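**Student:** Give me a model of this one.
(2 chains)
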Amino acid sequence: MIKIGVPSKGRLMEKTFDWFSARGLSMAKTGNDREYSGEINGIDGVELVMLSAGEIPRELDAGRIHLGVTGSDLVRDKLAGWQTRVIDWQALGFGHADLVIAVPQAWVDVDTLDDLDAAASAFRARHGFRLRIATKYHRLVRDYLTANGVADYALTDSQGATEGTVKNLTAEAIADITSSGETLRANHLKMLSDGPIHQSQATLFVARAADWSGAGRASLAELAKRLGMPLPDLAD
Amino acid sequence: MSLTASEKAGVRAVAEELYARFLATGAAPVETDILQPAGTLLDLYGEDIRARAYVTADPGLGEMMLRPDFTVPVVQAHMRDGAEPARYAYMGEVFRRQEDPQARAREYLQVGFEVFDRAAPAADAEVFALFSDILAPLKLRPATGDIGILMAAVRGLSTSDRRKAALLRHIWRPRRFRALLDRFAGRAAPSPARAALLSRLKSDAPAALVEAAGPLVGLRSAEDIAERATALIEDAQTPPIAAPEAALLYDLLNLQAPALAALAHLRGIAPMLPAITPAIDTFAARLEALQARGVDVANLPFEASHGRTTLEYYDGFVFTLTAGDANLPAIASGGRYDALTAQLGQGGSIPAVGGIIRPELVARLRGDL
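**Tutor:** Now for the predicted structure:
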């Protein structure tokens, strides 16, 4: 029996159900409305597991689920060396969101990373501490800023309402996901023009660490056939 | 790839032996805490260090890091209560967080030697000769450099202080440094947004632009923004770094030659960039001191950009000793870090140079592992 983890609520769950159902595999929650259990019909040897989207990367990493649907941003941020841990088997075409760096609109002098770096240097000299960027995507943001040679910044953790941290004076800039940019504008913030750190979407991942011996591999082959997708390369 | 318990004991024995060699020079033995306050390291290295060090939390003291290197705590100890000149030796574990699950060394022994002495070229030679001598049986390949020459060249450019400061700030980030240099030399155009801003600043004051852009939120004030806008106007009016001068700097970044030949080359360009002469004199004095200690300076490899990697604090002489096996990291490395002593010295400063050896790699090369 192979286990496939899918988000347990909201639009991400509904869109995931729609995606599989369009390919002849119906997924549904079972039990009462609040119970997190589900089933998948139309294929044998595959079990549905309902999980928080944020926990799916960890479960994939541990191999406790064989397959999982979650945002590509979460996998990249939570799993060090993610490509050695999971295979991004199929992008699902929904759940689009960009991870961007945003600064106050009134910062007329800051448009690019180059400006941000220079502003951070001047900010530190004047205020005595590093320019704070609030985010929950620590690894993605730090790797990106390191690769681009930005210095004199500090990441501060923000698990929600990140756009409000600037007004609340707990950060000078933010790095967060956005789809339309509306929340950013409402909080008087603007994106840098260098483009997003990562363009995320819901993706079907395969766990390298899961048990792929015997029947599991046969079930995966059957699933691949039903979804009309090439078999993922599990060879190490 | 991890070592067995008895292999680890073998590595410790090698470390003890190397430590004894350092102590035999008369160096004072020092110990430092494994748990280091994260704040000092973050202020020095920036956020990058979080990717390279283990961070933990103490209920009373806040964020702590497992010692990622010895230099910072040894410098702090010396600046607090050391007498001059001083030589220190130490031995212990360092901890390096690895993003790659397959990566080898997360914790390993280092044996180190640091010299705090105002006779700088002589101290450089002393450290390099000592490391070369101890590791001579392994027939390692030396590589040397001198970040001081690069810094002197930047300081000597005929351009604004602001541009020089921007280049010096990124001297350890080669990619960013190169991008800045390209822009200051007129090889790369400013972004369209920058051009648009500069044209608006011709008719409006920065404060008016800030006001027009929307409500200002956050700690970075209208004065902060105006100050940078003024800096951008000044920068736009600063002529590009003259082509011959920029060419010299590009040439310097790529200089690779045996040390004596490199010295001759540098002497050749000094008339066109006179500000580097003192740094070249230091380089020459170091080579003399090395020769006096029996180092073959005619064949000693030198690269002006050697050691310019992120998270380093070296600002003068740098060296590594590596094995033929390209999969092994440097067996020994070190360099001069005068600015670090000023940064940690609370007003004081002293020229300092030192380095470390990795005993596990020594044991490996000897065939013990």
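
**Student:** mind checking the longest strand of chain A?
**Tutor:** strand A:97-104 (DSSP state E).

**Student:** Sheet partners, orientation included, of that strand?
**Tutor:** strand A:173-178 (antiparallel), strand A:189-191 (antiparallel), strand A:198-200 (antiparallel) (DSSP bridges).

**Student:** Can you tell me which of these is packed in deepest?
**Tutor:** strand A:173-178 (a mean of 24; mean count of other CB atoms under 10 Å in any protein chain shown). Heads up, the C-betas are built off the backbone N, CA and C, glycines and all.

**Student:** residues in contact with that strand?
**Tutor:** A:73, A:97-104, A:116, A:131-137, A:141, A:158, A:162-163, A:165-166, A:184, A:189, A:191, A:197, A:200, B:218 (CB atoms under 8 Å, 6 or more residues apart in numbering or on different chains).

**Student:** show me where chain B has strands.
**Tutor:** B:28-29, B:35-37, B:55-58, B:62-66, B:86-95, B:107-116, B:141-146, B:256-258, B:301-303, B:317-322, B:332-336, B:352-357.

**Student:** Now the residue in chain B positioned nearest to chain A. Nearest residue, chain neighbours left out?
**Tutor:** Residue nearest to chain A within chain B: B:Arg176 (2.9 Å; CB to the nearest CB). Leaving aside its chain neighbours, B:Arg176 sits nearest to A:Gly149 (2.9 Å; criterion: CB to CB, 6 or more residues apart in numbering or on different chains).

**Student:** and B:Leu287, how many residues sit next to it?
**Tutor:** Using other CB atoms under 10 Å in any protein chain shown, B:Leu287 is surrounded by 23 other residues.

**Student:** give the contact list for the nearest residue to it once chain neighbours are set aside.
**Tutor:** Spatial nearest neighbour of B:Leu287, chain neighbours left out: B:Val297 (4.8 Å); criterion: CB to CB, 6+ apart. Contacts for B:Val297 (CB under 8 Å, 6+ apart) come out as B:258-260, B:287, B:290-291.

**Student:** again, 10 Å this time
**Tutor:** B:125, B:144, B:258-260, B:262-263, B:286-291 (CB atoms under 10 Å, 6 or more residues apart in numbering or on different chains).

**Student:** any chance of those residues in JSON lines, with pLDDT too?
**Tutor:** Converted to JSON lines, the contacts of B:Val297 look like this (pLDDT from 0 to 100):
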{"residue": "B:Ala125", "pLDDT": "98"}
{"residue": "B:Thr144", "pLDDT": "96"}
{"residue": "B:Pro258", "pLDDT": "98"}
{"residue": "B:Ala259", "pLDDT": "97"}
{"residue": "B:Leu260", "pLDDT": "97"}
{"residue": "B:Ala262", "pLDDT": "97"}
{"residue": "B:Leu263", "pLDDT": "98"}
{"residue": "B:Arg286", "pLDDT": "98"}
{"residue": "B:Leu287", "pLDDT": "98"}
{"residue": "B:Glu288", "pLDDT": "98"}
{"residue": "B:Ala289", "pLDDT": "98"}
{"residue": "B:Leu290", "pLDDT": "98"}
{"residue": "B:Gln291", "pLDDT": "97"}
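
**Student:** Which members of these are classed as buried?
**Tutor:** Buried subset of the contacts of B:Val297 (neighbour count, 16 or more other CB atoms under 10 Å in any protein chain shown): B:125, B:144, B:259-260, B:262-263, B:286-287, B:289-291.

**Student:** Show me how far stretch B:328-337 is from its chain's centre.
**Tutor:** 11 Å (CA atoms, centre = their mean, to the nearest Å).

**Student:** Quick one: closest of the strands paired with strand A:97-104 to A:Ala154.
**Tutor:** A:Ala154 lies closest, by CB to CB, to one member of the strands paired with strand A:97-104: strand A:173-178, at 10.6 Å.

**Student:** which element follows that closest one toward the C-terminus?
**Tutor:** As assigned by DSSP states H and E, the chain's next helix or strand after strand A:173-178 is helix A:182-186.

**Student:** How about that next one, which residues are buried there?
**Tutor:** Result for helix A:182-186 [16+ other CB under 10 Å]: buried residues A:183-185.

**Student:** Out of these, which is nearest to A:Val206?
**Tutor:** For the buried residues of helix A:182-186, the minimum distance to A:Val206 (CB to CB) is 33.0 Å, reached by A:Thr183.

**Student:** which one is residue 79 nearest to, not counting chain neighbours?
**Tutor:** With no chain named, the answer covers chain A. A:Arg85 (4.9 Å).

**Student:** sorry, should have said chain B
**Tutor:** Computed as CB to CB, 6+ apart, the closest residue to B:Met79 that is not its neighbour in sequence is B:Gly345, at 4.3 Å.

**Student:** Count the residues that sit near the one you found.
**Tutor:** 15.

**Student:** Please tell me the pLDDT value assigned to it.
**Tutor:** pLDDT, B:Gly345: 86.

**Student:** buried stuff in stretch B:230-240?
**Tutor:** Applying a neighbour-count criterion of 16+ other CB under 10 Å, one finds B:232, B:235 buried in stretch B:230-240.

**Student:** Chain B: which of the buried residues of helix A:182-186 is nearest?
**Tutor:** A:Arg185 (8.9 Å).

**Student:** from what I can see that closest one touches A:Pro104, true?
**Tutor:** No - A:Arg185 lies out of contact with A:Pro104 (CB atoms under 10 Å); the separation is 11.4 Å.

**Student:** Give me the common contacts of the two.
**Tutor:** B:Gly214.

**Student:** and the gap between the residue of chain A positioned farthest from its centre and B:Gln102?
**Tutor:** Within chain A, A:Arg126 marks the point farthest from the mean C-alpha position, 35.6 Å out by CA atoms, centre = their mean. Separation of A:Arg126 from B:Gln102 (CB to CB, to the nearest Å): 43 Å.

**Student:** What of B:Pro239?
**Tutor:** B:Pro239 is 50 Å from B:Gln102, by CB to CB.

**Student:** Show the contacting residues for whatever residue of chain A ends up closest to chain B.
**Tutor:** The nearest approach of chain A to chain B comes at A:Gly149, 2.9 Å away (CB to the nearest CB). Contacts for A:Gly149 (CB under 10 Å, 6+ apart) come out as A:113-114, A:117, B:170, B:172-180, B:310.

**Student:** what about burial for these, which qualify?
**Tutor:** Buried among the contacts of A:Gly149 (16+ other CB under 10 Å): A:113-114, A:117, B:170, B:172-173, B:176-180, B:310.

**Student:** before we move on, the earlier item: quick check: the residue of chain B closest to chain A touching A:Asn148?
**Tutor:** Yes - judged on CB under 10 Å, B:Arg176 makes contact with A:Asn148 at a distance of 7.5 Å.
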